[in-house]
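> I'll drop the sequence and a predicted model, then ask my questions.
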Amino acid sequence: MTEMVKIAVDAMGGDGSPKKVIDGIINHHTHHKDVFYKIFGDENQIKVLLKDKIQIENFEIVHCSETVKSGDTPLEGAKRGKKTSMWLSIESVKNKDCDIIISA
């Protein structure tokens, strides 16, 4: 039996997030049921967008209250760093909890 691919998703990256990112996850999931999504971002916003669209065993939400804003310089993003959805999703791959990361 093939093991599920685990994708870390920074749901708060880019304009129109998290809706556009969650829409992408939902679309991808319709064609790839063997994927687990570890979604990093604002849990309340993400739950509303995911409601009943993906089976609960195919995702986990990791709440992150801080984000790297689109107007931030790389230095500002790095300073805000360790509690952001971007940082934590990267860490999940570094720690081998996930196989790959996606960030808009």
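The structure has been received and is ready for your questions.

> now the closest residue in space to V5 that isn't next to it in sequence. Its backbone dihedrals?
For V5, ignoring the flanking residues on the chain, the nearest one in space by Cβ to Cβ, 6 or more residues apart in numbering is V35 at 5.0 Å. The way it works is simple: take the backbone N, C-alpha and C, and place the C-beta from them, glycine included. Per-residue torsions, V35: phi -120, psi 140 (degrees, to the nearest 10).

> repeat for G13
Dihedral pair for G13: phi -80, psi 130, per degrees, to the nearest 10.

> sorry, back to before: confidence score at the residue nearest to V5?
You'll see V35 listed with a pLDDT of 96.

> what does M1 give?
45.

> neighbouring contacts of the biggest helix by length in the chain?
The single longest helix within the chain, with elements called by DSSP state H, is helix 19-31. The set of residues external to helix 19-31 that reach it, using Cβ atoms under 8 Å, 6 or more residues apart in numbering, is 9-14, 35, 37, 39, 41, 46, 49-50, 53-54, 58-59, 102, 104.

> which among the residues you listed count as buried?
The neighbour count (16 or more other Cβ atoms under 10 Å) marks 9-13, 35, 37, 39, 41, 46, 49-50, 54, 58-59, 102 as buried among the contacts of helix 19-31.
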